[in-house]
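**Q** Predicted model, plus sequence, below.
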Amino acid sequence: MKKARVLHPLFFALFPVLFAFAHNAAHVSFGELILPLLVVLACTAAFWAALWVVYRDWLNAAVVLSLFLVLFFSFGHVRDAALQAGVWLRVKYLLPVWTVLLIVGACAVKRRRGPLCNLTRILNVVGGCLVAMSLFNIAAYHVRSRRPIGYVRGREGVGPADGQALTPQQPPDIYYIILDRYARADVLRERYGCDNTEFLDHLREKGFYVASQSCSNYPKTAHSLASSLNMEHLLDLTAELGEDCGDWGPLYERLRDYKAWRFLTRRGYTFVHLGSWWSPTARNKFAHRNINLYLLPEFAGVIYSTTMLQPILAATSLYDERRMQWERVQYKLAELARLPRSRGPIFAFAHMLLPHPPYVFGRDGTYVTRAQEREQTRAASYTNQLSYTNRCLQRLVDTLIDTARVPPVIILQADEGPFPERYRRNEDSFDWTAATPEELREKMAIFSAYYLPGLPPEKLNPSITPVNSFRLVFSHYFQADLQLLPDHCYVFQDHKHLYKFTNVTATLRAHPPTIHGAAPHPPPQPPGEAP
């Protein structure tokens, strides 16, 4: 009998990476695929060589290797499926079961005499079909997305106002700090039973203007930041890509290469990017300085989270994503506080995943384990992390203001609010155009506070939205001729129609919040400048 060709270990090594890519094609570029593929293939080759030493037969060693790969990469999927089905399947039970299955399979192959030719052929077919299906799904997605091949839209300047704008003699440091999923005060009070008055009053006493009726322009981070950082609504993307496009790539391009950083670096600013674990903001190649910690690419992290390695390393504290996020946040806050000592004007963009999950901070800042988080409600976890966020922000703004040579510009702003419960149950197909007014308010009514020294308070209004943040800053401090845009709020239909926008401004403003707390104190005047 002709000896079978051994291909299935390569197929079973490639499949988990391609499967993950196919299910995240809207969010992941082909460049992010290269590193996981190389690592998986290199490890597969090394394990195959090691197993040959034990079995002295390539076919039998390959069968054991494929069994290992299937168990290794299926672990997280089985665990998550059990949890979604309401079956509490503890990792400490699942991991030994998977280990026993591997040992039993390896011993059975060891005891068998002769090569497993027929089984090898079957595994080749099964593995080849899985890889082919994943490749087909990837190709089908890119056909359906209708994104023009090679589409890249460069970020031009801010228009004619860019060339006409001036640079002040004492340019202020500018801090744009995104507090992801930080809800507006009235939503916190109504939906989470949280009174945020004390923190907001502290900001007002420091000279901040708290926009008490502010909403995000869009319900998701990518849309929201692509809009605010470029000072424009996104309606042009509908014309360029069509309403049926589900590709996030054009949005990610706009929040990496955007108008605000180009405007400021042309005027001598040092661009400092403080990234998150989310790939689109993890690092910015245009920044003069990137600040982040323990950064595993998000796509690689998705694959890692499905493997048997994840619970083992987490249990031994060798690689714990939650602990890393706890340390990352504190590191970035400390680095932000040091920036006023830098030479020359600074533009700092900081994407802080606070009070965004994972909920790793207790009210006092102590580390919260996954088990501890499960013991409390989502609302309790959110408000505890929010409380810690407020404490950190108080210290940070005090430092940024008190140690600055020139009064800085500080924008504290959420890009979105918390997800409504109904959205969390069905994210991909949730229809935002059918969301209730309460769901829209929970998602789009955001915390927003401005420290703009020298700007008359009447230039601001309680319902200002993020799209106008930099328009306001550039017009006042750089005399750029930028008109404020309408503070309109849009939702897209769903993840398959990312650019099919509906204006929901009237719905969000139908019930404006009751304004609590004192009126904002006027910001201090920068030396040598008129208001």
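**A** Nice, I can see it.

**Q** was I right about residue 482 contacting residue 469?
**A** No: Residue 482 is beyond contact range of residue 469, at 11.3 Å (criterion: Cβ atoms under 8 Å). All C-beta spots, glycine's among them, are computed from the backbone N, C-alpha and C.

**Q** Touching both of these two, which residues are there?
**A** residue 231 (Cβ atoms under 8 Å, 6 or more residues apart in numbering).

**Q** where do the strands sit along the stretch 351-500 of the chain?
**A** Counting by DSSP state E, counting those that start in this stretch, the stretch 351-500 of the chain has strands at residues 409-413, 448-451, 490-494, 497-503.

**Q** can you list contacts of the last one?
**A** Residues from elsewhere that reach strand 497-503, judged by Cβ under 8 Å, 6+ apart: 223, 234-235, 237-238, 241-248, 251, 432-433, 488-493.

**Q** quick one: buried residues of it?
**A** Neighbour-count burial for strand 497-503 flags 497-501 (criterion: 16 or more other Cβ atoms under 10 Å).

**Q** Note down every partner strand of it and its orientation.
**A** Paired with strand 497-503 in the same sheet, following DSSP bridges, are strand 490-494 (antiparallel).

**Q** Can you report phi and psi for the residue most central in space within the chain?
**A** Nearest residue to the geometric centre of the chain (Cα atoms, centre = their mean): residue 278, 3.5 Å. When read as degrees, to the nearest 10, the backbone of residue 278 gives phi -70, psi 130.

**Q** ok, now how distant is residue 218 from residue 328?
**A** With distances taken as Cβ to Cβ, to the nearest Å, residue 218 is found 26 Å from residue 328.

**Q** tell me how far stretch 358-368 is from the chain's mean position?
**A** 19 Å (Cα atoms, centre = their mean, to the nearest Å).

**Q** Outside of that stretch itself, list whatever touches it.
**A** 321-323, 325-326, 329, 354, 373, 381-382, 384-385, 387-389, 391-392.

**Q** if we can go back for a sec, of all the strands of the stretch 351-500 of the chain, which one is nearest residue 184?
**A** strand 448-451 (7.9 Å; Cβ to Cβ).

**Q** partners of that closest one, with directions?
**A** Partners of strand 448-451, by DSSP bridges, with direction: strand 209-210 (antiparallel), strand 409-413 (antiparallel).

**Q** Residue 218 and residue 328: which is more packed in?
**A** residue 218 (29 against 23; other Cβ atoms under 10 Å).

**Q** where does the spatially closest residue to the more buried one that is not a sequence neighbour fall, helix, sheet strand or coil?
**A** Distance criterion Cβ to Cβ, 6 or more residues apart in numbering; nearest residue to residue 218, sequence neighbours excluded, is residue 224 at 4.7 Å. What DSSP: H, G, I helix; E, B strand; the rest coil gives for residue 224 is helix.

**Q** what residues are up against residue 224?
**A** Contacts of residue 224 (Cβ under 8 Å, 6+ apart): 216-218, 415-416, 466.

**Q** Tell me the pLDDT of the residue nearest to the centre of the chain.
**A** pLDDT, residue 278: 91.

**Q** For residue 256, see how far away it is.
**A** With Cβ to Cβ as the criterion, residue 278 and residue 256 are 12 Å apart.

**Q** Likewise for residue 119?
**A** Distance from residue 119 to residue 256, by Cβ to Cβ: 48 Å.

**Q** quick one: residue 9 and residue 65 touch, right?
**A** Yes: using Cβ under 8 Å, residue 9 is in contact with residue 65, at 4.7 Å.

**Q** domain ranges for this protein?
**A** 8-144, 171-509 (automatic domain parsing).

**Q** quick one, which of these is packed in tightest?
**A** Mean neighbour count (mean count of other Cβ atoms under 10 Å) peaks for domain 171-509 among those, with a mean of 19.

**Q** Now the element after the helix or strand bottoming out on mean pLDDT in the chain, going C-ward?
**A** The weakest-scoring helix or strand in the chain, judged by mean pLDDT, DSSP states H and E, is helix 160-164 (a mean of 59). Using DSSP states H and E, the helix or strand that directly follows helix 160-164 along the chain is strand 174-179.

**Q** got the CA coordinates for that next one in PDB?
**A** Extracted C-alpha coordinates of strand 174-179, given in PDB (Å, rounded to 0.1, in the frame of the first residue of the first chain):
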ATOM      1  CA  ILE A 174      -3.000  69.700  24.900                       C
ATOM      2  CA  TYR A 175      -4.300  66.500  26.500                       C
ATOM      3  CA  TYR A 176      -7.100  64.500  24.800                       C
ATOM      4  CA  ILE A 177      -8.000  61.800  27.300                       C
ATOM      5  CA  ILE A 178     -10.600  59.300  26.300                       C
ATOM      6  CA  LEU A 179     -12.500  57.600  29.200                       C
END
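
**Q** so what secondary structure elements neighbour it?
**A** strand 346-352, helix 378-402, strand 409-413, helix 469-478 (3 or more Cβ pairs under 8 Å, 6 or more residues apart in numbering; DSSP states H and E).

**Q** Using a markdown table, please lay out these together with mean pLDDT and distance to residue 5.
**A** Below are those laid out as a markdown table (pLDDT from 0 to 100; distance: least, Cβ to Cβ, whole Å):
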| stretch | mean pLDDT | distance to residue 5 |
| --- | --- | --- |
| strand 346-352 | 98 | 49 |
| helix 378-402 | 97 | 51 |
| strand 409-413 | 98 | 58 |
| helix 469-478 | 96 | 60 |
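
**Q** Residue 75: which of the ones you listed is closest?
**A** helix 378-402 (25.5 Å).

**Q** relative orientation of the closest one and strand 346-352 in degrees?
**A** Helix 378-402 runs at 170 degrees relative to strand 346-352, counting by axes from the mean of the first three to the mean of the last three Cα atoms, to 10 degrees.

**Q** starting at the chain centroid, how far to helix 378-402?
**A** 19 Å.

**Q** Just the angle for that helix relative to strand 174-179, thanks.
**A** Using the same axes, to 10 degrees: helix 378-402 against strand 174-179 is 170 degrees.

**Q** So which elements touch helix 378-402?
**A** Counting contacts by 3+ Cβ pairs under 8 Å, 6+ apart, helix 378-402 is packed against strand 174-179, helix 185-192, helix 197-206, helix 321-338, strand 409-413.

**Q** between it and helix 185-192, how many degrees?
**A** Going by the same axes, to 10 degrees, helix 378-402 makes 160 degrees with helix 185-192.
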